[in-house]
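S.K.: Sequence plus predicted model, see below.
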Number of protein chains: 2
Amino acid sequence: MDPRKARTLAALLSAGEEIFRKRSVDDVTVEEIAARAGVAVGSIYNAFGSKAGLHAAVVERAIEGNRDHMDHAYQREGSALDRIYAAADAYLSFYLSYPDYFRMLAFPQAPGHYAAGKELAARLARAVHEQNARLVATLREGVEAGELRAVDPQETATVLWATWNGIMSLHWRPDDLRQDEAGLRRLLAAASDVLATGLLPRPRS
Amino acid sequence: MDPRKARTLAALLSAGEEIFRKRSVDDVTVEEIAARAGVAVGSIYNAFGSKAGLHAAVVERAIEGNRDHMDHAYQREGSALDRIYAAADAYLSFYLSYPDYFRMLAFPQAPGHYAAGKELAARLARAVHEQNARLVATLREGVEAGELRAVDPQETATVLWATWNGIMSLHWRPDDLRQDEAGLRRLLAAASDVLATGLLPRPRS
DNA sequence: AGTTATCTTGCAATGATTGCAAGAAGCCTT
DNA sequence: AAGGCTTCTTGCAATCATTGCAAGATAACT
């Protein structure tokens, strides 16, 4: 890579990591980040597409060496439903650890006009595909093992994923419908229970 | 009401109705709306809190005399589950008719600093409470009639509502995970099927 | 008719994002 | 090593939604 670009990326990632560790993305200006990195504001857009794009890159780097959250859920022993329950819990942990990044995965905005924004959108979609592929595989295994009734694994995985996203979104409502962490856990458990029951094989009559 | 305020509200609602009938909210500037209404840009914020707030008020007025969407779903004959299926369909129809307003109900942003924005947030929360109250009542009736297993109606209503929101949100994704109207229908049907099955009373063993 | 309260306005500002021309740095070829 | 070409960064002005505030006009009240 061109050393100038590498220097700019490194400086911004470093500055972003430092600033975002202490303050929320909304509380930080692009002016501040650029000043901390010693680059122009426009470099943020050229390199990452947006302020949120820089934040996503910071989180992606943090996650890179630590994918325990979802890995453990899908690798655990037990039935397919056990793994789905565990995946839901892991998804919540992931959300609580990286709420802004999660939001970009679950409810992405338009990528903007910069190439880096479009690249970010592609990376986010890929991350969702990877996580959903595991859900699909788990559902398929469950159906094949007779643990789950004959549902379309792809479609059902999308439903589960959308349900979890809908529940997490209640955490950032600005009104009395907002759910705190305990409320999210309860709703996730309730959702998992109803969904899991709905996926059980029907008894023969 | 102060006649000056009434005039400003009427002018802006009129201008908003005309402009939003032809073009999407994102495609219109506050400058354009204010010019069309013959008022200052600041009046939009004083009266509605934001551009989205004006749009919400326009939709609320349109809906006011026409609540068929959700009314029919909850009033139809049949089991509680029939009504829940119908409510899901009605919810999709409602979303397709008023996507931007729906988005404010399902995923509201921070209300901003204007009093009118806070009032809007309260109205949106109330609308969600009203719609969810019907869902709660339908679930309660189902449990009491033995049609549904003993779930917490309030909690389950929140899960259903969050699930539908999560599914609708797939319609505005900017990547290949996006679902068109047909895809939303399929996912909604799949979700309703799994959830409904999961809510059935467990057979005695 | 005078006073007080409310409403609207013009204006400057904030912050994220965008486009673009100019200059510097790096790469490649000779 | 030098020259030409490509890529990267920058400064700057701009767009747009939103915000705050002082000033003036309008309406209500006494």
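M.R.: Cool, the structure landed.

S.K.: which secondary structure elements does the worst-scoring helix or strand of chain A on mean pLDDT contact?
M.R.: Lowest by mean pLDDT, DSSP states H and E among the helices and strands of chain A is helix A:68-75, with a mean of 75. On a contact count with 3 or more Cβ pairs under 8 Å, 6 or more residues apart in numbering or on different chains; DSSP states H and E, helix A:68-75 meets helix A:80-97, helix A:115-144. The C-beta positions use only the backbone N, C-alpha and C, and glycine is treated the same way.

S.K.: Of the ones you listed, which is nearest A:Pro108?
M.R.: Across these, A:Pro108 has its closest neighbour in helix A:115-144 (5.8 Å, Cβ to Cβ).

S.K.: can you tell me if the closest one touches DNA strand D.
M.R.: No - Helix A:115-144 is not in contact with DNA strand D by Cβ under 7 Å from any atom of the strand; minimum separation 9.3 Å.

S.K.: could you give the angle of that helix to helix A:68-75?
M.R.: For helix A:115-144 against helix A:68-75, the angle by axes from the mean of the first three to the mean of the last three Cα atoms, to 10 degrees is 20 degrees.

S.K.: helices or strands up against helix A:115-144?
M.R.: helix A:41-48, helix A:51-64, helix A:68-75, helix A:80-97, helix A:99-106, helix A:153-169.

S.K.: From the centroid of chain A, which residue is nearest?
M.R.: For chain A, the residue nearest the mean C-alpha position is A:Phe102 (3.6 Å; Cα atoms, centre = their mean).

S.K.: could you measure the closest residue to that one other than its chain neighbours against chain B, distance?
M.R.: The spatially closest residue to A:Phe102, leaving aside those adjacent along the chain, is A:Tyr95, at 4.4 Å (Cβ to Cβ, 6 or more residues apart in numbering or on different chains). Distance of A:Tyr95 to chain B, given as Cβ to the nearest Cβ, to the nearest Å: 13 Å.

S.K.: Check A:Val194 too.
M.R.: A:Val194 sits 4 Å away from chain B, going by Cβ to the nearest Cβ.

S.K.: Is that residue in contact with B:Leu195, as I believe?
M.R.: Yes - using Cβ atoms under 8 Å as the test, A:Val194 is close enough to B:Leu195 to be in contact (5.7 Å).

S.K.: In contact with the residue nearest to the centre of chain A, which residues?
M.R.: By Cβ atoms under 8 Å, 6 or more residues apart in numbering or on different chains, the contact list for A:Phe102 reads A:94-95, A:168.

S.K.: Spit out the residues that contact A:Val194 and B:Leu195 alike.
M.R.: Residues within reach of A:Val194 and of B:Leu195 at once, by Cβ under 8 Å, 6+ apart, are B:Val159.

S.K.: mind checking how far the residue nearest to the centre of chain A is from A:Val59?
M.R.: Between A:Phe102 and A:Val59 the computed distance is 9 Å (Cβ to Cβ, to the nearest Å).

S.K.: What is the burial count for the closest residue to A:Arg123 other than its chain neighbours?
M.R.: Leaving aside its sequence neighbours, A:Arg123 sits nearest to A:Glu60 (Cβ to Cβ, 6+ apart; 7.3 Å). Applying other Cβ atoms under 10 Å in any protein chain shown, we find 16 residues neighbouring A:Glu60.

S.K.: go on, A:Leu139?
M.R.: 25.

S.K.: List the contacts of it.
M.R.: A:80, A:84, A:148, A:151, A:153, A:156-157, A:199.

S.K.: Looking at the helices and strands packed on helix A:68-75, which one is packed in the most?
M.R.: Compared across the helices and strands packed on helix A:68-75, helix A:80-97 shows the largest average neighbour count, a mean of 20 (mean count of other Cβ atoms under 10 Å in any protein chain shown).

S.K.: Distance from the chain centre to that helix, please.
M.R.: Helix A:80-97 sits 12 Å away from the centroid of its parent chain (Cα atoms, centre = their mean, to the nearest Å).

S.K.: what domains does the record give for chain A?
M.R.: Following automatic domain parsing, chain A resolves into domains at A:3-63, A:67-199.

S.K.: Spell out which parts of chain A neighbour DNA strand C.
M.R.: A:2-4, A:28-31, A:41-42, A:45, A:49-52, A:112-114, A:117.

S.K.: Please list only the buried members of these.
M.R.: Neighbour counting over the residues of chain A next to DNA strand C (16 or more other Cβ atoms under 10 Å in any protein chain shown) leaves A:28, A:45, A:49-52, A:112, A:114, A:117 as the buried ones.

S.K.: surely A:Glu32 meets A:Ile19?
M.R.: Yes - judged on Cβ under 8 Å, A:Glu32 makes contact with A:Ile19 at a distance of 6.8 Å.

S.K.: Name the residue in those two with the higher neighbour count.
M.R.: In terms of neighbours (other Cβ under 10 Å), A:Ile19 is the more surrounded of A:Glu32 and A:Ile19; the figures are 20 against 14.

S.K.: Leaving out sequence neighbours, find the closest residue to that one.
M.R.: A:Val28 (5.4 Å).

S.K.: By proximity to DNA strand C, which residue of chain A wins?
M.R.: Going by Cβ to the nearest atom of the strand, DNA strand C is nearest to A:Gly112 of chain A, at 2.9 Å.

S.K.: from memory that residue sits against A:Ser50, does it?
M.R.: Yes - between A:Gly112 and A:Ser50 there is a contact under Cβ under 8 Å: 5.7 Å.

S.K.: Who are the contact partners of A:Trp161?
M.R.: A:128, A:131-132, A:135, B:166.

S.K.: Check A:Ala106 too.
M.R.: Contacts of A:Ala106 by Cβ under 8 Å, 6+ apart are A:165, A:168-169, B:169.

S.K.: and of these, the nearest to B:Ala121?
M.R.: A:Ser169 (15.6 Å).

S.K.: residue ranges with poor pLDDT in chain A?
M.R.: By pLDDT under 70, the low-scoring segments of chain A are A:65-69, A:204-205.

S.K.: picking that back up, which of the contacts of A:Leu139 has the largest number of neighbours?
M.R.: That'd be A:Thr156 among the contacts of A:Leu139, by other Cβ under 10 Å, with 26 neighbours.

S.K.: Tell me which two in the contacts of A:Ala106 are the farthest apart.
M.R.: A:Met168 and B:Ser169 (11.2 Å).

S.K.: check which helix or strand covers the residue in chain A that DNA strand D sits nearest to.
M.R.: When scored by Cβ to the nearest atom of the strand, chain A has A:Thr8 as its residue closest to DNA strand D, at 2.8 Å. A:Thr8 belongs to helix A:3-22 when assigned by DSSP states H and E.
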